[in-house]
Every structure is written in structure tokens, then in C-alpha cells.
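1. with the sequence up front, the predicted model follows.
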Amino acid sequence: MTGAEEFGAELADFRSRVDELRTARALPAQERLSALDAALFELEHAADVLWPRYEELAAAARGGGEGRRRQGGQGGQGGQGGQSGQEQQLLRALFQRMPMAVALLDRETVVRRLNFAATQLFGMRAGFATGRRLTGSLRHDGRAALRGQVAAVARGEGARSLLVHLPGGRAGAALRVTLSALRPPGEQRNAVL
């Protein structure tokens, strides 16, 4: 993917998150605080990341070159390319049997995989959840914040942690979500665990 295409994809994702934040106006006043935090986070992202990348692409276009590529978050996980079939089976079994809920998401919070504990927590089969946004299983007041944090982790800006709530008080009042980037073998972009 060229620098301009990658920037365009990131900008489109940013606009989508901003559109989701607009729906926070309909929230009760006491639930708007997490949406405000997410909005401030998105503004910081626009000022600190998107604008400098735009300037870099504009300078490269004026100079006629491709521009330098960002290296942050690039590179694979060492040693994963040569895993045997047995090692992959072992890793899949460990993922499924972990006692805590684990989900593998893309940068837009779309579920790629859920382990057994996550299917129990969210009350859905893994096959049903795959291809759907995980934010649909959360209370509305935390959706934008989770989406923004997942996008930041996927961009390689470091691990994050936040509180979200399940609708109707399922599984307790709040869930602590810890997000970490993971580069699946053979893929160009980070996923989020």
C-alpha cells in the first residue's frame, strides 16, 4: 500500500470514528464523559499524527518522490514465520482455553476470533461474532472510546487499557479491557488482542 493509500485508509477510519462520536449527543448527560474523553483523544490524534503525515505526503508530492515511510509498529513477531503445524495447534488450543476472555480484532473493532471465555462473556458463538464489531456488544457510552483506543493500538501507538460496560449489567458493572498490538504472520497491518 502506498503512503497516500495508507493515509487515505487511516483518514477514512478517523472519519468513521468521528461519526460514531456524533451519536454521543443522544446519550444522557452522565454518560457523555467517556465520549468526551474519546473525542479529545481523536483530536489529539488528528493534531499529532494525521496533520504531520499530511504535511509529509504533501512535501513528497511537491518533491516528486514517494516520501519516507513510517517505521513505527512495523516488523513481524520474531520466529513466527517458521512455526510447525504442531506449534500452531498448541497456540490455538492455548488461545481457546485461556480462562480470561480474549478477542482478536481488526483496527475497526471487527472480531476476527474469540476464545471460549469471550463467547461466554458476550453470550454469542464465535462464528456469529466473527465479522461483526465487538462494540455492538457494549453499552453505548463506551463504544467510541474503545474504537478510538483499538485504532491507536493498531497504528502502533502502544498498549492501552480502559473500562467498558456490558448492556444490562451482564457480568458485573464494568470490564477492564487491555489492548495490545499483534502482527499476524504474513499480514501487512497490526491486529489488536
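-> In hand now; what should we look at? Residues are numbered from 1 along each chain as shown.

2. so what's the residue nearest to the spatial centre of the chain up against?
-> With distances taken as CA atoms, centre = their mean, the residue of the chain nearest its centroid is Val150 (2.5 Å). Contacts for Val150 were tallied using CB atoms under 8 Å, 6 or more residues apart in numbering; they are 105, 107-109, 179, 192. For glycine as for every other residue, the C-beta is placed from the backbone atoms N, C-alpha and C.

3. which stretches in this protein count as helices?
-> For the chain, helices defined by DSSP state H occupy the ranges 3-22, 32-45, 51-63, 85-97, 116-122, 126-129, 140-154.

4. ranking those helices by burial, who's on top?
-> Of the helices of the chain, the one with the most neighbours on average (mean count of other CB atoms under 10 Å) is helix 140-154, at a mean of 24.

5. next, the angle from it to helix 32-45.
-> 30 degrees (axes from the mean of the first three to the mean of the last three CA atoms, to 10 degrees).

6. just the angle between helix 140-154 and helix 3-22, please?
-> 160 degrees.

7. so for helix 140-154, mean pLDDT?
-> Helix 140-154 shows a mean pLDDT of 92.

8. send me it as PDB with only the CA atoms.
-> Provided in PDB are the C-alpha atoms of helix 140-154 (Å, rounded to 0.1, in the frame of the first residue of the first chain):
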ATOM      1  CA  HIS A 140     -23.300   2.800  24.000                       C
ATOM      2  CA  ASP A 141     -21.300   5.100  26.300                       C
ATOM      3  CA  GLY A 142     -18.100   3.100  25.900                       C
ATOM      4  CA  ARG A 143     -18.200   2.200  22.200                       C
ATOM      5  CA  ALA A 144     -16.500   5.300  20.800                       C
ATOM      6  CA  ALA A 145     -13.700   5.200  23.400                       C
ATOM      7  CA  LEU A 146     -13.000   1.500  22.700                       C
ATOM      8  CA  ARG A 147     -13.000   2.200  18.900                       C
ATOM      9  CA  GLY A 148     -10.500   5.000  19.300                       C
ATOM     10  CA  GLN A 149      -8.200   3.100  21.600                       C
ATOM     11  CA  VAL A 150      -8.300   0.000  19.300                       C
ATOM     12  CA  ALA A 151      -7.400   2.200  16.300                       C
ATOM     13  CA  ALA A 152      -4.500   3.700  18.300                       C
ATOM     14  CA  VAL A 153      -3.100   0.300  19.300                       C
ATOM     15  CA  ALA A 154      -3.400  -1.000  15.700                       C
END
